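J.: Based on what follows, work out the 3D shape:
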Amino acid sequence: MDGILDSHVGAYEGTNLYDFDNNIQLNWYPKRVIQHTAGAKSMLELGLGHGFSTNLFSNHFERYVVVEASKAVINNFNMLFPASNVNIMEAYFESFQTDEKFDVVILGFVLEHVDNPVEIMAKYKEFLAPGGRIFLAVPNSEVLNRRLGFEAGILSDMEELSEHDYLCGHKRYYSVKTLTEDVERAGCMVERMEGIYLKPLTTSQMISLNLDQKIIDALCTVGIEYPELCCGILAEIKSCN
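T.: The predicted structure follows:
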């Protein structure tokens, strides 16, 4: 491995403003995936990221494999979650190969990082066991707080990437429309789509409100029905082959 992705590890060390949003989203959507995959025993996940989803999934699936190309991100995860029961494969998403099939494949907040998301989806659907299920989670450019910022003239383009996005290695945002289009280009179709965290205000404004956890939970629960307005979009897709 050439370590080219290690420059992004600073975004995953738990020391920036947007950890507030990450904590909410990355502890919420894995629980929704677990609810939708009752009885599944094996999972293949792409990327360690902040490690929240990895730690949750490792406590649920009997066989759990994560593909991660950054040695620095792997080391950071092992430091934060030393007891996690996960089999980490150090490889690029584009070059990883296995004959193993999985009940669940999850691309959680991955597609916004890669050069060719359509090729990644088309490749990883082939690792599904018969009857297996594949889930995607992506950031939403049309989340309510960005819509409000655009209408107020604060944000010139809802697709605009921030300095934090570049630190994370983001290459794009998605919307309900553009995610659906990419899924179809990968030879798949959307079976289920739901929102992850209905976020009406900027991150700084949300933090300043010091909201009770019950309100945060309510924003996530209400957001299920409104993917077009939420911070993230969770989609279950299936192959059309």
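J.: Below-threshold pLDDT in the chain: ranges please.
T.: For the chain, the stretches with pLDDT under 70 are 1-15.
J.: could you pull out the strands for it?
T.: Ranges of strands in the chain, per DSSP state E, are 42-46, 63-68, 87-90, 102-108, 128-139, 188-198, 230-239.
J.: Residue 183 and residue 236 touch, don't they?
T.: No - assessed by C-beta atoms under 8 Å, residue 183 is found out of contact with residue 236, at 10.3 Å. (Each C-beta comes from the backbone N, C-alpha and C, glycine too.)
J.: Of these two, which one has the most company?
T.: residue 183 (24 against 19; other C-beta atoms under 10 Å).
J.: Quick one: residues contacting that one.
T.: 121, 136, 189, 190, 235, 237 (C-beta atoms under 8 Å, 6 or more residues apart in numbering).
J.: same thing but at 7 Å, please
T.: The contact partners of residue 183, by C-beta atoms under 7 Å, 6 or more residues apart in numbering, come to 121, 189, 190, 235, 237.
J.: Do you have the helices of this protein handy? List them.
T.: 19-36, 52-58, 71-80, 117-124, 144-151, 163-168, 176-185, 203-208, 213-223 (DSSP state H).
J.: outside of the longest one, which residues touch it?
T.: Yep, that's helix 19-36 we're talking about. Everything outside helix 19-36 that qualifies as a contact, by C-beta under 7 Å, 6+ apart, is 50, 52-53, 56-57, 60, 106, 108, 135, 137, 196-197, 199, 203, 206-207, 216, 220, 231-232, 234, 236.
J.: ok so, going back, kindly write the PyMOL command that selects the buried subset of the contacts of residue 183.
T.: Buried residues within the contacts of residue 183, by 16 or more other C-beta atoms under 10 Å, are selected in PyMOL with:
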select buried, resi 121+235+237
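J.: Make CSV from the contacts of residue 183 and add distance to residue 17 to it.
T.: Putting the contacts of residue 183 into CSV (distance: C-beta to C-beta, whole Å) gives the following:
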residue, distance to residue 17
121, 31
189, 37
190, 32
235, 27
237, 32
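J.: Nearest to residue 40 among the contacts of residue 183?
T.: Checking the contacts of residue 183 against residue 40 with C-beta to C-beta, the nearest one is residue 237 at 15.7 Å.
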